[in-house]
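Colleague: I'd like to go over a predicted model; first the sequence, then the structure.
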Amino acid sequence: MKEVRVEDAIGMVLAHDLTRIVPGECKGRVFKKGHVISEEDIPMLLDIGKQHIYILDLKPGELHEDDAALRLSAAIKGDHLSANEPHEGKVTLKSTIRGLLSIDEEALFHINSIGEIAIVTKKSGIVVDPGTKVAGLRAIPLVIEEEKIVQAERIAKEVYPLITVKPFAKYRVGVVTTGSEILTGRIEDRFGPRIREKLTFYGSEVIGQKIVGDQVTDIQTAIKDFLAEGVDMIICTGGMSVDPDDRTPGAIRGVATEVVSYGMPVLPGSMMMFAYIDKIPVFGLPGCVIYDDVTSFDLLLPRVLAGETITREQIAKMGHGGLL
Ligand SMILES: Nc1nc2c(c(=O)[nH]1)N[C@H]1C(S)=C(S)[C@@H](COP(=O)(O)OP(=O)(O)OC[C@H]3O[C@@H](n4cnc5c(N)ncnc54)[C@H](O)[C@@H]3O)O[C@H]1N2
Ligand code: MOO
């Protein structure tokens, strides 16, 4: 930074914010860090007592940290995110809705590999609320080579948006509850309330629950009846493991057009099945969902509600960090 007489500072760049205080009237920034000083600014600078100022001697091809952060923000920011003005060189992105945070991890890695740029995010795939901070981004030095930002912009453009929050659609869900102990009334059903509670959080609703025994044909009939009623999603509960009475996976398999996965590398909840009947997602939920607070269901459900088509690869990747 250089100290310069204000009269000699025309065309130069302020190195930091300048504040004006008039008691009872105002206190605030009159010139922003990075501002290019013009001739009209001189009276105001003298009014606030500045005969000398610190200026940034930006050469062509160099960017101030605030401008770098703003350009990074514009390059990566997708829908349902707000960005603040740079503060100490940093821009923070916040979610404006409840939704699924979605980040292109590979592009993020490439941008952070450029050097002197830090884009810091929460984990992709988590559920965020309005006001949740999801990313902070900045250039590390006060002055950065513009070429580095151009490189980041190029990477971001290819995958745009690099970071976004996907809203949850409102699903109408049918629940098929298996288990002879529930059908005969020996045990009170605990799955229905648990699923209702989770779906309500995302703005979806359970439109019906059919309680069937352990017969494959009964489970399949219930699924088909829900399809005829026009549900957007089917959730089958119980009977997902290895006992002779655990018929749910076979029943789903018999009516599915695609079984994406039976078994997931997530604990608890490894015995979950996920399938499609045409475009309708079908879950087979293991017993642990009524026992454990967080299971594989909580990882996969928000992705489905956010409109993602679930693949085997996506599920296989959940093993890393999948011990909940
Ligand atoms: N030998 C093995 N045993 C188990 C395995 C395995 O791989 N090998 N997997 C374990 C895992 S992991 C889980 S999770 C459970 C999966 O259980 P299921 O989905 O098969 O559940 P059920 O056998 O139907 O019931 C278990 C338990 O939960 C009660 N239940 C079921 N549905 C309801 C309901 N709607 N309301 C209230 N209670 C319900 C049921 O009465 C049983 O007590 O399997 C492990 N075992
Ligand atoms: O792996 Mo089971 O499906 O935890 O709890």
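Modeller: Right, received. Where do you want to start? Ligands and ions are numbered 1, 2, ... in the order given.

Colleague: What parts of the stretch 101-250 of the chain come near ligand 1?
Modeller: 177, 179, 181-182, 187, 189-191, 237-243, 246 (C-beta under 6 Å from any ligand atom). All C-beta spots, glycine's among them, are computed from the backbone N, C-alpha and C.

Colleague: Quickly find the element holding the nearest residue to residue 256 once chain neighbours are set aside.
Modeller: Sequence neighbours aside, residue 275 is the residue nearest to residue 256 in space, at 3.9 Å (criterion: C-beta to C-beta, 6 or more residues apart in numbering). When elements are assigned from DSSP states H and E, residue 275 belongs to strand 273-277.

Colleague: in that strand, what's buried?
Modeller: By 16 or more other C-beta atoms under 10 Å, the buried positions in strand 273-277 come out as 273-275, 277.

Colleague: Could you point out the helix or strand that follows the least confident helix or strand in the chain by mean pLDDT?
Modeller: Every helix and strand of the chain was ranked by mean pLDDT, DSSP states H and E. The lowest is strand 52-56, at a mean of 81. Going down the chain from strand 52-56, the next helix or strand is strand 62-64, by DSSP H and E.

Colleague: Show me which residues of the chain are close to ligand 2?
Modeller: 267-271, 286, 288.

Colleague: now, which of those lie close to ligand 1?
Modeller: By C-beta under 6 Å from any ligand atom, the members of those lying near ligand 1 are 270-271, 286, 288.

Colleague: For these, name the two members farthest from one another.
Modeller: 270 and 288 (8.6 Å; C-beta to C-beta).

Colleague: what ranges do the helices span in the chain?
Modeller: Ranges of helices within the chain are 41-47, 65-76, 105-112, 146-159, 180-183, 191-201, 216-228, 248-255, 296-305, 312-316, based on DSSP state H.

Colleague: Farthest pair within the residues of the stretch 101-250 of the chain next to ligand 1?
Modeller: 189 and 242 (22.5 Å).

Colleague: which of these two has more neighbours?
Modeller: Under the criterion of other C-beta atoms under 10 Å, the comparison of residue 189 against residue 242 puts residue 189 first, with 19 against 6.

Colleague: Just grab the bridge partners of the residue nearest to residue 256 for me.
Modeller: residue 259, residue 282 (DSSP bridges).

Colleague: Which residues are in contact with it?
Modeller: 252-253, 256, 258-260, 281-282, 284 (C-beta atoms under 8 Å, 6 or more residues apart in numbering).

Colleague: Tabulate those residues (a markdown table), appending pLDDT, distance to residue 132 and neighbour count.
Modeller: Formatted as a markdown table, the contacts of residue 275 follow (pLDDT from 0 to 100; distance: C-beta to C-beta, whole Å; neighbours: other C-beta atoms under 10 Å):
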| residue | pLDDT | distance to residue 132 | neighbour count |
| --- | --- | --- | --- |
| 252 | 97 | 35 | 26 |
| 253 | 96 | 38 | 14 |
| 256 | 98 | 35 | 19 |
| 258 | 98 | 33 | 12 |
| 259 | 97 | 34 | 16 |
| 260 | 98 | 29 | 20 |
| 281 | 98 | 26 | 22 |
| 282 | 98 | 30 | 25 |
| 284 | 98 | 31 | 29 |
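
Colleague: Quick one: neighbours of residue 271, just the number.
Modeller: 24.

Colleague: And for residue 310?
Modeller: Per other C-beta under 10 Å, the neighbour tally for residue 310 reads 17.

Colleague: Kindly report the same for residue 85.
Modeller: By other C-beta under 10 Å, 11 other residues sit near residue 85.

Colleague: What sits closest to it if chain neighbours are left out?
Modeller: Nearest in space to residue 85, with sequence neighbours left out and distances taken as C-beta to C-beta, 6+ apart, is residue 91 at 7.7 Å.

Colleague: Cheers, nothing more for now.
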